[in-house]
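> Quick one, what's the 3D model for this:
(2 chains)
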Number of protein chains: 2
Amino acid sequence: MNSGKIRVHIENARRKADVYHVTAERWDAACARHRTLAKRLRATTIGWDGDIIEEALKSADAVIGVPARRDDLAGRAPRLRWLHATTAGVDGFLPLDWLPRDVVFTNNRGAHGAKAEQYMRMALTMLHTRMPEMIGNQRAHLWQRLFSPSIAGRTALVVGLGDLGEAAARAARQLGLKVIGVRRTARKSRLADVVHPVTHLDRLLPAADFVVLAVPLTPETKNLLSRERLDLLKPTAGIINIARAPVADYEALAGRLRGGKLAGAVLDVVDPEPLPADSPLWDVPNLVITPHVSCDDSEHYVDISLDLWFENLARFLQGRPLRRRVDPRRGY
Amino acid sequence: MNSGKIRVHIENARRKADVYHVTAERWDAACARHRTLAKRLRATTIGWDGDIIEEALKSADAVIGVPARRDDLAGRAPRLRWLHATTAGVDGFLPLDWLPRDVVFTNNRGAHGAKAEQYMRMALTMLHTRMPEMIGNQRAHLWQRLFSPSIAGRTALVVGLGDLGEAAARAARQLGLKVIGVRRTARKSRLADVVHPVTHLDRLLPAADFVVLAVPLTPETKNLLSRERLDLLKPTAGIINIARAPVADYEALAGRLRGGKLAGAVLDVVDPEPLPADSPLWDVPNLVITPHVSCDDSEHYVDISLDLWFENLARFLQGRPLRRRVDPRRGY
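Numbering: from 1, shown residues only, chains lettered A, B, ... in the order given. Okay, the predicted model is just below:
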């Protein structure tokens, strides 16, 4: 299908952390790791904040990094067949009405699993060990021996079983937890003891010791953990959100934490990000905020991402369907 | 050797947390789990804060819980042959010059492994993930994305390879760390990649990403991680102490943390405990204090402990050497 050479443009945004920058050095290293495939590429360009994008789009077959300006992409990029987002979450680009019909859109899911698993093990154990309370006590100079039993045998409700949800399920399994998975369908997973469709959520919540939110943000998942659903949780339960903030009602969550009606929460995502200094969320008791760092390996995020991209390049060159395609209808 | 029935006295201290109380209920449950052995016991008494101890000592063959008053134990407890401490650390009873020669003294090591392993996994990952900095940033309402690489491949220096050190080594191994063990001798351990004698400590410290202190407190281990040795560490290193506070120079440690010369520390032990509200330690940056809870299972600490005691009872009845004996010379 693609017998000629492929021209790739890589688009970076300086406002994003360095971890995410596809620099010439990282790109060259990836090409060296995938030498044979890299021979099928020609005249790759790397742009920053749109500096060369209009010229580059004219001839690009594939683009890594979603351009800031997305109107009339078909006209501006007549040869474009493959657009790759360097993030897993593409909620910032929804709805995908700007995507030309004949352009395949892939995302970066799969690059986050290993780091996410480590984070999840930490977050689950922190909640179980009553670390959020201890952090508050330390701040208040209060010595109070808060004991906890073994974490084994507790129940984790993992909402979403994609890359991140599977990492959460692996972490929970390793800790000896029972894993109840939730996704759109009840399709089984070897990582969960049982999987339920999301329509069962209301009756699953009362059994959870931990709720892990790992769904993409779409119109369907917005406010999924609503005020009413938070009321279904045990007061000893803990919540972890590595998805997107609007998936849960943070105002209701904060209220429950302030009222002692929920044991704790570890949130890696807030809205907006960066969280403003005057946000009341910073001081909610038993709430731990991590600054959206749960899943991104500081040394190898781009390396891992480009390895996945090259895996897809092989498929692209063979005319086979790409992996990690974003479904424009579902929005993830 | 002991063909008659054994009379046991159990001594509790109310000032200790409930987790540690050998209540009648917990004792009866243990006897039910060890029915055959329990038949060899007679007239077991449970005392609180010395209320019945003088009378009980007159006839006791074995005592669980070290009496507060320890002078003339041979005279006050003429039949005593076995004294069992319900803690692993016996530094509070040193020197053991009060211990009658013909009384075997055992401690509770072995009861802490499973919980310690969970705590260690959490503490290692917290340090690696820069959680201490994030906690400080949250307190300061500061959004700063602190990324970290995968923890795998880092080096943990585990000082002490007893019950707790082995739990630390297991946790570190599971996280993919290289484990360098340190103990009095260089005797190998299947849980460490390499074991060095403590005399090599100075040349091992510069390689450590994490130092885990898991030694008993004795005259030999006091100030083991001294100011001079702290100076040998990388500024990116993190320290975990689940041993006893005097094993490290906390003043020097606090100084290094304040000066940014050390990445972080998680301390489960301080001196004194409870830590007074006006201690400067509470507010040291990148320092996480947990209130001596790393190793004690809130649901099953006594159950686990009594199971170990009954295991020793079988040996006692058979005249075989007891396990977990404290060596009066070494002090652990």
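> mind listing the strands in chain A by residue range?
A:6-12, A:41-48, A:62-64, A:82-84, A:104-106, A:155-159, A:178-183, A:194-197, A:210-213, A:238-241, A:264-267, A:287-289 (DSSP state E).
> Tell me which strands the longest one pairs with, and in which orientation.
In its sheet, strand A:41-48 lies beside strand A:6-12 (parallel), with partners assigned from DSSP bridges.
> Other residues contacting the strand it pairs with?
Contact with strand A:6-12 is made by A:20-23, A:27, A:40-50, A:53, A:56-57, A:59-67, A:79, A:313, A:316-317, as judged by Cβ atoms under 8 Å, 6 or more residues apart in numbering or on different chains. Every residue, glycine included, has its C-beta placed from N, CA and C.
> Can you pull the poorly scored residue ranges out of the stretch 151-300 of chain A?
Within the stretch 151-300 of chain A, no range satisfies pLDDT under 70.
> Could you show which parts of it are in contact with chain B?
Residues of the stretch 151-300 of chain A lying near chain B by Cβ under 8 Å from any Cβ of the partner chain: A:151, A:174-175, A:273-275, A:277-279, A:282, A:288-293, A:296-300.
> buried subset of those residues?
A:151, A:175, A:275, A:279, A:282, A:288-293, A:296-298, A:300 (16 or more other Cβ atoms under 10 Å in any protein chain shown).
> Show me the residues you listed that map onto helices.
Within these, no residue falls in helices by DSSP state H.
> coming back round to it: what's the ChimeraX line that selects buried ones from the contacts of strand A:6-12?
To isolate the buried ones among those in ChimeraX, judged by 16+ other Cβ under 10 Å, type:
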select /A:20,21,22,27,40,41,44,45,46,47,53,56,57,60,61,62,63,64,65,66,67,313,316,317
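> Would you check how far apart A:Gly47 and A:Gly264 are?
43 Å (Cβ to Cβ, to the nearest Å).
> ok, and which of the strands of chain A has the densest surroundings?
Greatest average neighbour count among the strands of chain A goes to strand A:210-213 (a mean of 28), per mean count of other Cβ atoms under 10 Å in any protein chain shown.
> which other residues reach that one?
Contacts of strand A:210-213 (Cβ under 8 Å, 6+ apart): A:120, A:124, A:127-128, A:154-160, A:165, A:168, A:172, A:177, A:205, A:224-225, A:233, A:237-243, A:247-248.
> Which parts of the stretch 201-332 of chain A are helices?
Using DSSP state H, counting those that start in this stretch, the helices found in the stretch 201-332 of chain A span residues A:201-204, A:227-230, A:250-258, A:301-317.
> quick one, which of those is nearest to A:Thr86?
Nearest to A:Thr86, of all these, is helix A:301-317, at 6.1 Å by Cβ to Cβ.
> show me what contacts the residue lying farthest from the centre of chain A?
Distance from the C-alpha centroid of chain A peaks at A:Trp143, with 36.8 Å (Cα atoms, centre = their mean). Neighbouring residues of A:Trp143 by Cβ under 8 Å, 6+ apart: A:Asn137, B:Glu273, B:Pro274, B:Leu275, B:Ala277, B:Pro291.
> can you rerun that using 6 Å?
B:Pro274, B:Leu275, B:Pro291 (Cβ atoms under 6 Å, 6 or more residues apart in numbering or on different chains).
> which one of those is nearest chain A?
Chain A lies nearest to B:Pro274 out of the contacts of A:Trp143, by Cβ to the nearest Cβ, at 3.7 Å.
> In contact with that closest one, which residues?
Counting by Cβ under 6 Å, 6+ apart, the residues that B:Pro274 touches are A:Trp143.
> can you dump the C-alpha coordinates of stretch A:103-120 into PDB?
Provided in PDB are the C-alpha atoms of stretch A:103-120 (Å, rounded to 0.1, in the frame of the first residue of the first chain):
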ATOM      1  CA  VAL A 103      -7.000  10.100   8.400                       C
ATOM      2  CA  VAL A 104      -6.400   7.400  11.100                       C
ATOM      3  CA  PHE A 105      -6.100   8.900  14.600                       C
ATOM      4  CA  THR A 106      -4.000   7.000  17.100                       C
ATOM      5  CA  ASN A 107      -3.200   7.800  20.700                       C
ATOM      6  CA  ASN A 108      -0.500   6.900  23.100                       C
ATOM      7  CA  ARG A 109      -2.200   4.400  25.300                       C
ATOM      8  CA  GLY A 110       0.100   1.600  26.300                       C
ATOM      9  CA  ALA A 111       3.000   4.000  27.200                       C
ATOM     10  CA  HIS A 112       1.800   4.400  30.800                       C
ATOM     11  CA  GLY A 113       1.300   1.000  32.200                       C
ATOM     12  CA  ALA A 114       4.500   0.300  34.000                       C
ATOM     13  CA  LYS A 115       4.700   3.600  35.800                       C
ATOM     14  CA  ALA A 116       0.900   3.600  36.500                       C
ATOM     15  CA  GLU A 117       1.300   0.200  38.100                       C
ATOM     16  CA  GLN A 118       3.900   1.500  40.500                       C
ATOM     17  CA  TYR A 119       1.800   4.600  41.300                       C
ATOM     18  CA  MET A 120      -1.300   2.500  41.900                       C
END
